[in-house]
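>>> Provided below for reference: sequence and predicted model.
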Amino acid sequence: DGEDETILLSSLQPGSPPGELTDDADEPFSPSADVATAPPKSKALYEDFSTIDWARDTVRENRRQKTLRKDAKGSALGFAAKMFDDAQGWIVMSLVGIAAGFTAGCIDIGASWLQDIKEGICPGAFWLNRMHCCWAEDMSGKTDCDLWYRWSEFSPGATDAGAYAANYFVYMIFAGVFAWLAAVMVRRLAPYATGSGIPEVKTILSGFIIRGYFGWWTLIVKSVGLVLSVSAGLNLGKEGPLVHVACCCGNVISRLFPKYRENEAKKREVLSAAAAAGVSVAFGAPVGGVLFSLEEVSYYFPHRVMWRAFFCALVAAAMLGTMNPFVSGRLVKFYVSYDYPWHWFELFPFIFLGVLGGCWGVVFTKANLAWCRFRKTSMLGQYPITEASVVAILTAAIAYLNPYTRLPANDLMANLFDSCNKDNMSDLCNDPTGKVSTLLLLACLFKMVATVFTFGIKVPAGLFVPNLAVGAIMGRVVGILTDMVLRANRDQRAVQIACPDIDTCVTPGLYAMVGAAASLGGVTRMTVSLVVIMFELTGGLTYIVPFMTAVMVSKWVGDALMKDGIYDAHIRLNGYPFLDNKEEIISPLVAGDIMQPPRDSPSALVVLTMHGNTVQSLERLLESNEISGFPLVTSLEDMHVVGYVGRRELETVLDHVQAKRRGGVTSLTPCFFHDRTNDPQPELGVDLFDCVHTSPFQLATEMPTATVVEVFRRMGIRYALVTDRARLTGIITKKDLLKHLAVLEHRDPTSIAFH
């Protein structure tokens with residue numbers, strides 16, 4: 001997995017056309033004529049936990065495209081190469097969509113089987129879940145068919161209490177074993193497979209490097225572990241982790257194509273589309289997936305990426321539909337098809353649900369962050385396998401007692417979203433004593449508490465479905481209460497005017513859907529994409545206004561009480577260098593106040609000069625400094641900027657020189673950073689011009705901080721040089737900027753852990 005998040009920054013062979021890559025990096029190092037040059041193709045990798053240079057990667061891609069266009073005009077083979085290069089994007093999107101859809105289908109099938117195994121088995125065909133086992137039998141009025149055996153039925157003489165206890169015990173044992181297996185796989189094989197992955201996906205798409213996060217092992221362990229953790233009955237979902245799984249598919253497939261493998265900026269276009277495919281297969285919502293990628297996770301989303309993301313999401317949804325994992329023709333279990341009209345007065349309970357969703361989002365985020373901090377700083381963090389197993393067993397022990405918590409979350413939401421009519425007289429639609437509402441409220445309280453302690457344990461775990469379930473329960477209860485109030489006042493003139501038919505006036509399933517959207521919106525602060533996802537789930541335009549109302553109110557309430565959603569909060573908790581493009585910056589300081597070294601600091605900026613360098617002096621400079629790069633200036637007296645030299649590129653070239661010191665090259669051999677290809681009699685030395693970034697971004701010392709932040713956001717740069725009247729005075733890195741923003745927000749600047 002070492003190459004999962006790396007890029008080869010290839011320099012140009014002197015005299016080669018811009019963008020041309022040569023393949024003779026392993027040739028013996030020897031002076032040519034009177035010049036000893038650096039290796040023609042010096043390979044330098046981005047360091048792990050560092051940030052890519054979007055601007056430089058874009059320049060490299062433009063040079064590559066220029067070379068392709070030139071070759072296409074000169075030969076038929078070059079034209080074919082150009083056509084294949086243009087088609088690679090669509091080929092990659094097709095493969096990613098197919099892989100994401102297939103993987104999601106396998107996860108759905110596996111989770112459905114193991115969830116049923118906790119309660120019983122089909123002895124004649126153990127590989128079948130309950131639905132497939134009872135496929136040919138009439139289930140009207142029955143919970144199980146004759147072919148499906150609960151575990152207690154293998155002891156025919158057991159009493160009812162004994163049978164209940166046996167099923168209860170087996171249920172807990174399976175839950176603990178599944179969670180233990182998932183935690184062991186994550187701990188031993190792929191630590192990056194833990195959690196939902198969306199905070200890390202957001203950070204990586206912004207340009208951060210986490211090697212192995214989208215690797216083969218992570219994909220396999222995340223997929224298998226997700227089946228186990230969902231089957232354990234933990235209060236988590238598979239929908240969020242499917243975004244991570246799809247991005248793993250995108251990374252693995254993109255490595256087959258040099259266009260994406262060798263350019264991190266281009267690879268992130270594939271990952272943005274893969275994120276859309278992940279949401280598409282999670283909710284059966286291709287359009288919602290594209291909007292989710294645009295609104296929530298992607299940092300760079302040009303027009304061409306939008307179309308390719310849509311195509312990728314479409315292919316993924318089609319692939320999942322072909323597999324038909326739920327044998328219903330639907331991509332999710334909780335799809336609804338009714339479109340009963342809603343009434344204007346119902347906007348008030350919808351607004352109330354929005355307020356509840358926003359408040360729940362803030363309570364959940366703060367409570368979960370507090371628990372995660374405790375986990376990181378206490379002994380609990382040293383026993384992730386034990387924690388996951390204990391949480392699973394406790395969850396199963398409590399959930400089994402309530403029929404609504406015992407159900408898998410997707411099945412619970414399918415029941416909550418269902419409508420009430422003459423053909424559906426389930427307990428949810430017939431509650432004269434209030435028993436069902438009481439059980440639902442207890443289920444809601446349990447899921448609230450359990451989700452706080454579950455999200456963050458070291459197993460693949462998402463929070464979409466748990467929070468949707470919490471909101472759906474709240475919404476269903478509000479719907480039931482609204483219906484009861486109207487029925488109690490059916491003789492009132494206002495009620496008769498608003499509801500001519502009292503039996504179809506209120507649709508509790510609609511309230512459940514609105515509550516689910518409000519709850520998830522309050523936790524994640526999603527808006528447009530969430531509304532579209534819910535719209536695609538319902539399959540009609542009838543409920544757009546209720547969804548929009550509840551989601552907007554939940555966001556307003558959440559933003560008023562707490563700035564960050566759950567994903568941004570976890571990004572800050574982990575110290576990732578994520579520069580949010582939605583924040584408004586208000587600061588009286590300017591670039592000169594946040595640069596390094598500070599204006600009044602006695603320490604000098606470490607720079608390289610154009611002349612006077614030797615192999616030995618450069619090696620000593622690297623040994624005495626740990627900074628990620630060096631500004632290149634004409635001289636220490638005038639400090640005029642010539643370029644910027646990255647540490648990794650310089651180290652790679654010097655390591656090559658050190659390994660092949662012959663042909664007159666010694667530690668005292670001079671090194672040159674200027675272009676000498678046109679010198680008639682170049683001096684013997686090491687040519688390092690290919691390591692120089694000749695057009696680094698430069699900012700004036702008096703540039704406002706808000707403008708500095710905007711430059712870093714829009715250009716995706718890692719650093720910017722600060723100049724005063726053309727004289728270099730300092731440098732601002734992305735980490736420096738994030739530390740300054742942390743101070744503005746009264747946070748600990750040392751929490752920014754990475755470059």
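On my side now, so go ahead. The structure presented is a predicted model; accordingly, all values stated were derived computationally and were not measured.

>>> let me know the helix or strand that the nearest residue to residue 57 once chain neighbours are set aside is in.
Once flanking residues are discounted, residue 57 sits nearest to residue 265: 3.7 Å by Cβ to Cβ, 6 or more residues apart in numbering. Heads up, the C-betas are built off the backbone N, CA and C, glycines and all. Assigned by DSSP states H and E, residue 265 falls within helix 264-283.

>>> show me what the helix or strand just after that helix is packed up against.
Next along the chain after helix 264-283, taking DSSP H and E as the criterion, comes helix 286-292. Applying 3 or more Cβ pairs under 8 Å, 6 or more residues apart in numbering; DSSP states H and E, we find helix 286-292 packed against helix 264-283, helix 303-323, helix 528-538.

>>> what stretches of the stretch 501-650 of the chain score poorly on pLDDT?
For the stretch 501-650 of the chain, residues meeting the criterion pLDDT under 70 lie at 539-540.

>>> what ranges do the strands span in it?
608-609, 613-614, 629-633, 641-646 (DSSP state E, counting those that start in this stretch).

>>> for residue 541, find the nearest of the ones you listed.
Smallest distance to residue 541 across the strands of the stretch 501-650 of the chain (Cβ to Cβ): 52.5 Å, for strand 641-646.

>>> sheet partners, orientation included, of the closest one?
strand 629-633 (antiparallel), strand 692-693 (antiparallel) (DSSP bridges).

>>> need the winner for burial among these.
Mean neighbour count, computed with mean count of other Cβ atoms under 10 Å, is highest for strand 629-633 among the strands paired with strand 641-646, reaching a mean of 22.

>>> burial check on residue 172, number of neighbours?
20 (other Cβ atoms under 10 Å).

>>> measure the residue nearest to it when sequence neighbours are not counted to residue 96 for me?
Closest residue to residue 172 apart from its sequence neighbours, by Cβ to Cβ, 6+ apart: residue 396 at 4.6 Å. Counting by Cβ to Cβ, to the nearest Å, the separation of residue 396 from residue 96 is 36 Å.

>>> quick one, which of the two is more surrounded?
The neighbour comparison of residue 396 against residue 96 (other Cβ under 10 Å) goes to residue 96, with 31 against 24.

>>> packing partners of the strand or helix carrying the more buried one?
Per DSSP H and E, residue 96 falls inside helix 76-117. In this structure, helix 76-117 makes packing contacts with helix 54-74, helix 130-133, helix 216-231, helix 239-254, helix 258-261, helix 264-283, helix 303-323, judged by 3+ Cβ pairs under 8 Å, 6+ apart.

>>> and the helix or strand following it, which strands flank it?
Counting by DSSP H and E, the element after helix 76-117 in chain order, helix or strand, is strand 120-121. Counting by DSSP bridges, the strands paired with strand 120-121 are strand 149-150 (antiparallel).

>>> residues near residue 543, how many?
Residue 543, neighbours per other Cβ under 10 Å, totals 25.

>>> I figured it hits residue 537, correct?
No: contact criterion Cβ atoms under 8 Å: residue 543 and residue 537 do not qualify, at 9.8 Å.

>>> overlap in contacts of these two?
Taking Cβ atoms under 8 Å, 6 or more residues apart in numbering as the criterion, residue 543 and residue 537 both touch residue 513.

>>> mind checking how far the residue lying closest to residue 331 once chain neighbours are set aside is from residue 523?
In space, and not counting its chain neighbours, residue 331 is closest to residue 284: 3.0 Å by Cβ to Cβ, 6+ apart. Taking Cβ to Cβ as the measure, residue 284 falls 21 Å from residue 523.

>>> quick one: which of those two has more around it?
Ranked by neighbour count (other Cβ under 10 Å), residue 284 and residue 523 place residue 523 first, with 31 against 21.

>>> relative to residue 366, how far out is that one?
Here the criterion is Cβ to Cβ. By it, residue 523 lies 11 Å from residue 366.

>>> mind showing which ranges of the stretch 301-450 of the chain have poor pLDDT?
329, 421-425.

>>> where do the helices sit along it?
Taking DSSP state H, counting those that start in this stretch as the criterion, the stretch 301-450 of the chain contains helices spanning 303-323, 347-377, 384-399, 403-406, 409-417, 435-454.

>>> the stretch 601-750 of the chain now?
615-624, 647-659, 705-715, 734-744.

>>> ok, residues contacting the third one?
Applying Cβ under 8 Å, 6+ apart, the external contacts of helix 705-715 come out as 54-55, 579, 581, 585-587, 589-591, 593-594, 697, 699, 717, 720, 732, 734, 737, 740-741.

>>> what does the shortest one give?
Taking Cβ under 8 Å, 6+ apart as the criterion, the residues outside helix 615-624 that touch it are 606, 608, 630, 647, 650-651, 654, 657-658, 665-669, 671, 686.

>>> and for residue 419, the neighbour number?
Using other Cβ under 10 Å: residue 419 sits among 17 other residues.

>>> ignore the last one, residue 517
Counted with other Cβ under 10 Å, residue 517 comes out at 33.

>>> how about the contacts made by it?
Neighbouring residues of residue 517 by Cβ under 8 Å, 6+ apart: 357, 471, 530, 531, 534, 547, 550, 551, 554.

>>> quick one: closest of the helices of the stretch 601-750 of the chain to residue 347.
That would be, of these and by Cβ to Cβ, helix 705-715, which comes in at 37.2 Å.

>>> now the contacts of helix 705-715: which count as buried?
54-55, 579, 585, 587, 590-591, 594, 697, 699, 717, 720, 732, 734, 737, 740-741 (16 or more other Cβ atoms under 10 Å).

>>> still on that earlier bit, for residue 218, which of the helices of the stretch 601-750 of the chain is the nearest?
Among these, the nearest to residue 218 by Cβ to Cβ is helix 647-659 (24.1 Å).

>>> and the closest one, which residues are buried?
647, 648, 649, 650, 651, 652, 653, 654, 656, 657.

>>> could you do stretch 101-121 as well?
101-105, 107-121.

>>> how about stretch 667-687?
Here stretch 667-687 shows 669, 671, 672, 673, 682, 685, 686, 687 as buried, counting by 16+ other Cβ under 10 Å.

>>> next, the contact list for residue 332, please.
Taking Cβ under 8 Å, 6+ apart as the criterion, residue 332 is in contact with 282, 283, 284, 326, 410, 537.

>>> can you rerun that using 10 Å?
Contact analysis of residue 332 by Cβ atoms under 10 Å, 6 or more residues apart in numbering lists 108, 239, 281-285, 320, 325-326, 410, 413-414, 536-537.

>>> if you rank those residues by neighbours, which is first?
Ranked by neighbours (other Cβ under 10 Å), the contacts of residue 332 are led by residue 281, which has 34 neighbours.

>>> number of residues surrounding residue 538?
Residue 538: 20 surrounding residues under other Cβ under 10 Å.
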